[in-house]
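K.L.:
structure for the following, please:
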Amino acid sequence: MRLACLAALTAAVPVWCHVVSMSSGDLTVDGTRAHYELRMPLYEIVHVTRPDQTLLEHIRFGGARLVSHQCRADAARDVYVCGADYEWPSPVDRVEVECSLASVTVPNHVHLLRAEMSGKKDEAVFDLSFTRATLRFRPPTPAEIVVTQAGAGFVRALEGAVQVLFLGALVLAARSRRELLTLAAMFLAGQAASVVIVPHTAWQPAPRFVEAAAALTIAYLSVEILLLPKAGARWAIAGVLGAFHGLYFHLFVQTTAYSAALVLAGAALAEAGALVVLALIFSRLRRWTRLFAAALLLFGLAWFALRLHG
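P.N.:
Down below sits the predicted model:
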């Protein structure tokens with residue numbers, strides 16, 4: 001029965017709409033002038049009014065004046081592309097960037113900006129919490145690499161409701177502290193397995209599939225708690241569901257070219273901390289476990305309905 005339920009939920013994933021939200025851009029600086037190209041998935045601009053103007057209004061390069069721009073939809077690649085030229089009053093050796101694309105797309109939107117000037121490269125990652133950065137066009141120190149990449153994994157692990165609520169469901173599914181440790185270990189192992197294994201396969205998961213699958217994990221774990229309270233081998237289920245969550249980090253690592261080990265280390269630290277906090281909270285509310293599980297199941301269904309029509 002458990003395998004049938006899991007298979008049915010997995011089969012339903014493709015009909016969900018997207019939740020993963022990522023875009024990328026390249027900035028090339030030459031003296032006083034710069035060219036910027038923004039690539040945004042087409043499904044991100046469905047609710048954006050006049051995207052040819054709005055998107056570029058939400059990424060600014062300090063002191064630079066927008067000279068010209070042109071935007072177009074590339075249906076073949078399912079992306080919206082904007083090319084823009086900027087100019088500074090005098091040559092620059094660093095660029096202050098402000099990016100608030102998350103305010104016009106979805107709150108969990110992530111924008112990766114790569115930049116180059118005179119053969120020197122730099123990059124920055126922006127989201128709702130980090131909207132400003134300075135591009136210095138110098139090689140980062142080892143310490144900066146660790147902090148930046150592990151920090152990105154830390155933030156990504158807890159940036160959305162789906163991630164946090166799944167961790168809550170994992171705590172509710174554990175019937176003892178020992179089982180919680182086992183479930184957490186298997187979840188993290190499954191997550192890491194996706195990041196390590198998927199790049200070596202011919203499968204390229206679509207963003208719509210990835211976050212839809214992550215949302216379905218909440219629904220399935222809620223079903224486990226409500227209908228299969230005494231079921232064994234729950235650790236194996238945690239590993240499988242962790243693999244679905246790992247697909248998001250696979251996409252993130254693929255997009256940013258960050259170290260998978262550092263991103264996963266940061267994510268694991270955030271998730272472990274969240275599990276401890278949630279375990280402390282729910283330890284005093286155990287008699288409400290089924291009620292919480294039912295609420296999580298309703299969340300999954302509501303999320304499905306929202307994204308189906310979104």
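K.L.:
could you list the buried residues of the host helix or strand of residue 252?
P.N.:
Assessed by DSSP states H and E, residue 252 sits inside helix 234-256. Residues of helix 234-256 classed as buried by neighbour count (16 or more other C-beta atoms under 10 Å): 234-235, 237-254, 256. Every residue, glycine included, has its C-beta placed from N, CA and C.
K.L.:
one more: stretch 221-232?
P.N.:
221, 222, 223, 224, 225.
K.L.:
can you check stretch 74-89 too?
P.N.:
For stretch 74-89, the neighbour count (16+ other C-beta under 10 Å) marks 79, 80, 82, 84, 86, 88 as buried.
K.L.:
in the stretch 1-150 of the chain, which spans are helices?
P.N.:
Ranges of helices within the stretch 1-150 of the chain are 2-12, 51-57, 142-157, based on DSSP state H, counting those that start in this stretch.
K.L.:
pLDDT on the second one, on average?
P.N.:
Pointing back at helix 51-57 there. Mean per-residue pLDDT for helix 51-57: 95.
K.L.:
same check on the longest one?
P.N.:
Helix 142-157 shows a mean pLDDT of 92.
K.L.:
what of stretch 208-219?
P.N.:
Regarding stretch 208-219, the rounded mean pLDDT is 77.
K.L.:
quick one, domains of the chain?
P.N.:
Per automatic domain parsing, the domain ranges recorded for the chain read 23-139, 157-308.
K.L.:
give the burial count for residue 282, as a bare number.
P.N.:
Using other C-beta atoms under 10 Å, residue 282 has 17 other residues around it.
K.L.:
over to the nearest residue to it once chain neighbours are set aside. Which of the three states is it?
P.N.:
Excluding the flanking residues, the one nearest residue 282 by C-beta to C-beta, 6 or more residues apart in numbering is residue 171, at 5.3 Å. Recorded secondary structure, residue 171: helix (DSSP: H, G, I helix; E, B strand; the rest coil).
K.L.:
number of nearby residues for residue 171?
P.N.:
Quick note: residue 171 (other C-beta under 10 Å) scores 23 neighbours.
K.L.:
could you pull up phi and psi at the spatially closest residue to residue 86 that is not a sequence neighbour?
P.N.:
Of all residues not flanking residue 86 in the chain, residue 64 sits nearest, at 4.0 Å (C-beta to C-beta, 6+ apart). Dihedral pair for residue 64: phi -90, psi 150, per degrees, to the nearest 10.
K.L.:
residues of the strand or helix carrying residue 179 that come out buried?
P.N.:
Assigned by DSSP H and E, residue 179 falls within helix 177-197. Across helix 177-197, burial judged by 16+ other C-beta under 10 Å covers 180, 182, 183, 184, 186, 187, 188, 190, 191, 192, 194, 195.
K.L.:
do stretch 279-290 as well
P.N.:
Across stretch 279-290, burial judged by 16+ other C-beta under 10 Å covers 279, 282, 289.
K.L.:
contact partners of that stretch?
P.N.:
Applying C-beta atoms under 8 Å, 6 or more residues apart in numbering, the contact partners of stretch 279-290 are 168, 171, 172, 174, 177, 180, 225, 226, 292.
K.L.:
I'd like the distance from it to the chain centre, please.
P.N.:
Here the centre of stretch 279-290 is set off from its chain's centre by 28 Å, with C-alpha atoms, centre = their mean, to the nearest Å.
K.L.:
what distance separates the start and the end of that stretch?
P.N.:
One end of stretch 279-290 to the other measures 15 Å (C-alpha to C-alpha, to the nearest Å).
K.L.:
cool, stretch 58-78 as well?
P.N.:
First-to-last residue span, stretch 58-78, C-alpha to C-alpha: 21 Å.
K.L.:
could you check the angle the helix holding residue 179 makes with helix 234-256?
P.N.:
If you take axes from the mean of the first three to the mean of the last three C-alpha atoms, to 10 degrees, helix 177-197 sits at 40 degrees to helix 234-256.
K.L.:
from the chain's centre, how far out does helix 177-197 sit?
P.N.:
18 Å.
K.L.:
angle of that helix against helix 142-157?
P.N.:
When the same axes, to 10 degrees is applied, the directions of helix 177-197 and helix 142-157 differ by 110 degrees.
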